[in-house]
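[1] need coordinates for the following:
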Amino acid sequence: MRRRGARPRPGAAFALSLWSVGLAAADARAGGPEQDYVLHCQGCHRPDGGATPGSVPALAGQVARFLHVPGGRDFLARVPGVAQASLGDGDLARLLNWMVSRFDAAHVPPDFAPYEAVEVGALRRQPLVDVSEARRRLVAAMERPAPPPPP
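    A predicted model of the protein is given here:
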């Protein structure tokens, strides 16, 4: 308690403002993958997971299709916007899982195993050298007809 007429200690207001910023940051973390999408992805992929014509492909109706081709799962965690996001591996894994189910639930494979922090951490340390070429190859693989099931 402060005595009447006593002057506040220098730096007390600064310490209080730092504490307030810390609480705000903690609240932001509490927002989960939906808020992480808004903060880290929505600027390019739009609120609805749509494309930015000529530069950023759509997530909506497309993102889970990558999970059907070899290398596609790894690609999703290695694209620069994902791999370089300022999120921890666990938060990034939750964000990837959320995006797959939110924007492309119709194409999620029945045997889909959710991303985990350890997997995402290992993948994001392997940067893609040619993102456009990797994406082109994966999209071409998605467009090939699936082989018939064995008799």
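[2] residues touching the residue nearest the centre of the chain, list them.
    What sits nearest the mean C-alpha location of the chain, by Cα atoms, centre = their mean, is Leu95, with 4.3 Å. Counting by Cβ atoms under 8 Å, 6 or more residues apart in numbering, Leu95 makes contact with Pro33, Asp36, Tyr37, His40, Cys41, Ala85, Leu87. All C-beta spots, glycine's among them, are computed from the backbone N, C-alpha and C.
[3] 7 Å instead?
    Pro33, Asp36, Tyr37, Leu87 (Cβ atoms under 7 Å, 6 or more residues apart in numbering).
[4] show the model's pLDDT score for the first one.
    Okay, so that is Pro33. On the pLDDT scale, Pro33 is placed at 96.
[5] now it, what are its backbone angles?
    phi -60, psi -30 (degrees, to the nearest 10).
[6] correct me if wrong: it contacts Arg94.
    Yes - in this structure, Pro33 is within contact of Arg94 by Cβ atoms under 7 Å, at 4.7 Å.
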